[in-house]
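Trainee: Quick one, fold the following:
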Amino acid sequence: MQEIVSAIVDIVGQMGYIGIFIMMFLESTFFPFPSEVAMIPAGYLASQGGMNLYLAIFTGVMGSLIGALFNYYLARVYGRKAVLRFGKYFFFNEEKLNKMEEFFKKHGSFSTLTSRLIPAVRQFISLPAGLSKMPLTPFITYTTIGAGIWVVVLTLLGFFIGENQELLKEYLHQIVIITLGVIAFATALYIWFAKRKTI
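Mentor: Below is the predicted model of the structure:
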């Protein structure tokens with residue numbers, strides 16, 4: 001495990017900010033690439049003086065946003081058939097798309113923010129947003145905020161405890177649990193305010 005982590009740190013170090021952007025772009029599309037692999041090493045490199053912390057975070061957020069926009073426009077412009085045709089090369093099928101559409105319908109456009117903090121959901125929530133032709137401005141706003149929160153958390157984890165793999169796993173697990181709780185609360189609060197407006 002330590003060898004794999006060291007190899008990834010080397011790759012991020014060699015490719016620099018372009019490497020972060022590419023990895024986070026892929027993570028936000030169909031490619032099954034975990035964001036932890038890009039941002040935690042970037043944070044660790046920043047702690048060692050190999051990167052600028054703020055620039056690494058900015059690059060990670062931009063990569064996530066552009067990747068999300070790729071999915072959004074693919075769905076919005078070319079439709080459901082194109083999404084499934086393209087997605088099959090990355091093990092994305094109609095069943096997964098149906099689940100994403102149900103999630104989006106249930107939680108509304110606000111889900112483009114909250115879902116950015118949920119593993120295995122954040123990559124695909126842009127698809128139902130595009131299919132439903134969600135307005136671009138709120139899509140970009142929600143996506144940027146959600147991606148920003150996640151990128152900051154991962155980068156700071158790498159910055160402060162990047163060398164301690166066991167501690168890193170423990171904190172990451174706890175953060176995911178806390179994040180899901182925050183998402184549930186934020187979603188409930190959003191739905192409550194939305195219902196009040198309709199009364």
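Trainee: Show me the shaky parts of this protein.
Mentor: Along the chain, the parts satisfying pLDDT under 70 run over 1-13, 32-33, 89-91, 162-199.
Trainee: give me that answer again for 50
Mentor: For the chain, residues meeting the criterion pLDDT under 50 lie at 1-2, 5.
Trainee: Which residue ranges of it form strands?
Mentor: Under the criterion DSSP state E, strands are not mapped anywhere in the chain.
Trainee: For it, which segments are assigned as helices?
Mentor: Remark: helices assigned in the chain by DSSP state H are 2-27, 35-47, 53-87, 94-107, 111-114, 126-131, 136-161, 165-198.
Trainee: Dump the fourth one to PDB, restricted to CA.
Mentor: The C-alpha coordinates for helix 94-107 follow below in PDB (Å, rounded to 0.1, in the frame of the first residue of the first chain):
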ATOM      1  CA  GLU A  94     -29.400   2.000 -17.500                       C
ATOM      2  CA  GLU A  95     -30.000   0.700 -14.000                       C
ATOM      3  CA  LYS A  96     -27.500   3.200 -12.600                       C
ATOM      4  CA  LEU A  97     -28.900   6.000 -14.700                       C
ATOM      5  CA  ASN A  98     -32.400   5.200 -13.400                       C
ATOM      6  CA  LYS A  99     -31.100   5.400  -9.800                       C
ATOM      7  CA  MET A 100     -29.500   8.700 -10.500                       C
ATOM      8  CA  GLU A 101     -32.700  10.100 -12.000                       C
ATOM      9  CA  GLU A 102     -34.700   9.000  -9.000                       C
ATOM     10  CA  PHE A 103     -32.200  10.500  -6.700                       C
ATOM     11  CA  PHE A 104     -32.300  13.800  -8.600                       C
ATOM     12  CA  LYS A 105     -36.100  13.900  -8.700                       C
ATOM     13  CA  LYS A 106     -36.400  13.200  -5.000                       C
ATOM     14  CA  HIS A 107     -33.900  15.800  -3.900                       C
END
